[in-house]
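Participant: Provide a 3D model corresponding to the input given below.
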Amino acid sequence: MINLTDSAVNAIKSAISSSTHPTGGLRVIVEAGGCNGFKYKMGLAEEPKPDDTVIERDGLKVFVDNKSREHLAGTTIDFVMALERSGFTFHNPNATVSCSCGKSFS
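Facilitator: Numbering: from 1, shown residues only. I've put the predicted structure just below:
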């Protein structure tokens, strides 16, 4: 389903450990919008919703709703540190076009 690099896992675990709110995992969704039709959204979540698929890696839980699951199948999420821009990147084999920011696709 979704793959997380070691760098992504470490960044997410760091965000969870520094969160002031109860956090059970990371929610990843795909929404309509962005430059190319769809955009990725991520955020910490307390618990999965009833229609979520829960993916676990190294004790980290990722929550993906059923509508987003088909768009994210096979996607690798990485966390990249760079001079120009640091943050999460998505390598999605289902995307035919991606925005230069890496947050939008079709």
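
Participant: skipping adjacent residues, who's closest to M42 in space?
Facilitator: Here the nearest residue to M42 in space, its sequence neighbours aside, is V28; by CB to CB, 6 or more residues apart in numbering that works out to 5.2 Å. Heads up, the C-betas are built off the backbone N, CA and C, glycines and all.

Participant: just the element for the residue of the chain most remote from its centre, please.
Facilitator: Computed with CA atoms, centre = their mean, the maximum C-alpha offset from the centroid of the chain is found at L83, amounting to 21.8 Å. Assessed by DSSP states H and E, L83 sits outside every helix and strand.

Participant: and it, how far from S7?
Facilitator: As judged by CB to CB, to the nearest Å, L83 and S7 stand 16 Å apart.

Participant: just to revisit the earlier point, how much space between the residue nearest to M42 and L83?
Facilitator: Distance from V28 to L83, counting by CB to CB: 26 Å.

Participant: what's the local residue count around E46?
Facilitator: For E46, the count of nearby residues is 12 (other CB atoms under 10 Å).

Participant: CA atoms only: put the lengthiest helix in the chain into CSV for me.
Facilitator: Ranked by number of residues, the top helix in the chain under DSSP state H is helix 6-18. In CSV, the C-alpha atoms belonging to helix 6-18 read as follows (Å, rounded to 0.1, in the frame of the first residue of the first chain):
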residue,chain,number,x,y,z
ASP,A,6,13.5,5.5,7.3
SER,A,7,13.9,9.2,7.1
ALA,A,8,10.0,9.7,6.9
VAL,A,9,9.5,7.4,9.8
ASN,A,10,12.0,9.3,11.9
ALA,A,11,10.5,12.7,11.0
ILE,A,12,7.0,11.5,11.8
LYS,A,13,8.0,9.9,15.1
SER,A,14,9.8,13.2,16.0
ALA,A,15,6.6,15.2,15.2
ILE,A,16,4.5,12.8,17.3
SER,A,17,6.8,12.9,20.3
SER,A,18,6.8,16.7,20.3
